[in-house]
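1. dropping the sequence and predicted coords here.
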Amino acid sequence: MSRRRLLSLLLLCLMALGFAPALVRAQEAPPAGCIYVETDPGFETDDAWTFTETASPGFFDATVAYAGERAAFVGIPEDAENQEVDSTVWQRMRLPVAGQITMSAQLRSQEGDGDDARYIVVWDLTTDESTILLYEQVFELDWQPTTVDLTAFAGKDVLLVFGVHNDGRGKKAAMWVDEARVLACDLQSTTASPIDAPTVAPFPSPTATATSTPLPSPTPTPLPTDTPTPTATPTATATPPPTSTPTPTSSPSPTPTPTLELRLTPRSARGSLPDNNALPLAAAIMLSGMVALVVVVISLRR
């Protein structure tokens, strides 16, 4: 084989290896002693994140991304009608019992005005309470890193929500979200991790208060039997029988049935979803090597 042909084959191999990172994104390993809780941080699949059905639902934007192929868009696009509306994207996750849990994401904004705002909310599904972690005016910003602390929700089943509120006047605010990572460190439970606990009810059961302690059945106090007085004189004013003060028939206080005013409808629990990395980097390199090997064999046969 000539030296020129050998150099050409080596160049083809290097080119194939160079395309390998473009085929897949390498799985970023968490720091020692930590784990990633979220699924699909780069919004590359359609199953891990859910857009709330509103008058202006968000969508996966393949034209703008911090990394990978696409990002999540929430808000009102420039070419859409302005209106008062909230647009959100969320993921359900079970946070482990850990000493520190942080969420970091890359955010990019389309400027709004007035009461327009972008926000990050954590919804505790056990108590049906939401906590606002970030609520700020929307400015025209390129990609900016944002970090919030989720340690207070350790061991809970939650929804992580990114959203934009538009007031329907003036400018139309929007936000792109990418690389949303939830990192849990200093794990304090390895045998009964809440991530794998299937028996935690996500919402309070409406029948939780059905077994209220029964009200005491009002046993009617018997009226005193009029024992005839032996010395009954005709002029004796008949003492009216003691007016039995009616024992207040306690109208059973209605047991409050918990009403769940749901703004987001979580999907039924599903199995763990693959991360946004479709293939490990090693598989891509192996594929590139096979391509290079085929090229070598074809060249040798010539």
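-> Looks like it came in fine. Residues are numbered from 1 along each chain as shown.
2. count the neighbours of the nearest residue to Ala173 once chain neighbours are set aside for me.
-> In this structure, Ala173 finds its nearest non-sequential neighbour in Gly112, 2.6 Å apart by Cβ to Cβ, 6 or more residues apart in numbering. For the C-beta atoms, the positions are set from N, CA and C on the backbone; glycine is no exception. Neighbours of Gly112 under the rule other Cβ atoms under 10 Å: 27.
3. just the one 3 residues further on next, same as before
-> Residues contacting Asp115 under the criterion other Cβ under 10 Å number 14.
4. roughly how far does the closest residue to it other than its chain neighbours sit from Ala117?
-> Among residues not flanking Asp115 along the chain, Asp167 sits closest, at 4.0 Å (Cβ to Cβ, 6+ apart). Asp167 sits 9 Å away from Ala117, going by Cβ to Cβ, to the nearest Å.
5. ditto for Ser109
-> 11 Å.
6. repeat that for Ala174.
-> Taken as Cβ to Cβ, the span from Ala174 to Ala117 is 12 Å.
7. need the overlap of contacts for these two.
-> Val138, Val164 (Cβ atoms under 8 Å, 6 or more residues apart in numbering).
8. quick one: which of those two has more around it?
-> Ala174 (26 against 19).
9. so what pLDDT did the more buried one get?
-> What the model reports as pLDDT for Ala174 is 98.
10. wait, it touches Leu107, no?
-> No. Using Cβ atoms under 8 Å, Ala174 is not in contact with Leu107, being 11.0 Å away.
11. and for the two, which residues touch both?
-> In contact with both Ala174 and Leu107: no residue, using Cβ under 8 Å, 6+ apart.
12. separation between Leu133 and Val89?
-> Counting by Cβ to Cβ, the gap from Leu133 to Val89 is 15 Å.
13. between these two, which one's more packed in?
-> Val89 (24 against 18).
14. host element of that one?
-> Val89 belongs to strand 84-94 when elements are defined using DSSP states H and E.
15. that strand - contacts with which helices or strands?
-> In terms of contacts (3 or more Cβ pairs under 8 Å, 6 or more residues apart in numbering; DSSP states H and E), strand 84-94 is packed against strand 50-51, strand 71-75, strand 157-167, strand 174-187.
16. any buried residues in the helix or strand following it, and which?
-> Per DSSP H and E, strand 84-94 leads on to strand 98-110 as the next helix or strand towards the C-terminus. Within strand 98-110, the residues that qualify as buried are Ala98, Ile101, Met103, Ala105, Gln106, Leu107, Arg108, Ser109, Gln110, counting by 16 or more other Cβ atoms under 10 Å.
17. can you list the residues you listed in CSV and add distance to Val122 and pLDDT?
-> Output for the buried residues of strand 98-110, formatted as CSV (distance: Cβ to Cβ, whole Å; pLDDT from 0 to 100):
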residue, distance to Val122, pLDDT
Ala98, 15, 97
Ile101, 10, 98
Met103, 9, 98
Ala105, 13, 98
Gln106, 19, 98
Leu107, 16, 98
Arg108, 21, 98
Ser109, 20, 97
Gln110, 24, 96
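18. for Leu160, state which of those residues is nearest.
-> Met103 (6.6 Å; Cβ to Cβ).
19. please report how far the closest one lies from Leu134.
-> 10 Å.
20. need the residues touching each of these two.
-> Ile120, Val148.
21. rewinding a little: check contacts around the residue nearest to Asp115.
-> Counting by Cβ under 8 Å, 6+ apart, Asp167 touches Glu84, Gly114, Asp115, Asp116.
22. could those be laid out in CSV, adding distance to Gly163, pLDDT and secondary structure?
-> Output for the contacts of Asp167, formatted as CSV (distance: Cβ to Cβ, whole Å; pLDDT from 0 to 100; DSSP: H, G, I helix; E, B strand; the rest coil):
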residue, distance to Gly163, pLDDT, secondary structure
Glu84, 14, 97, strand
Gly114, 17, 95, coil
Asp115, 14, 96, coil
Asp116, 12, 97, coil
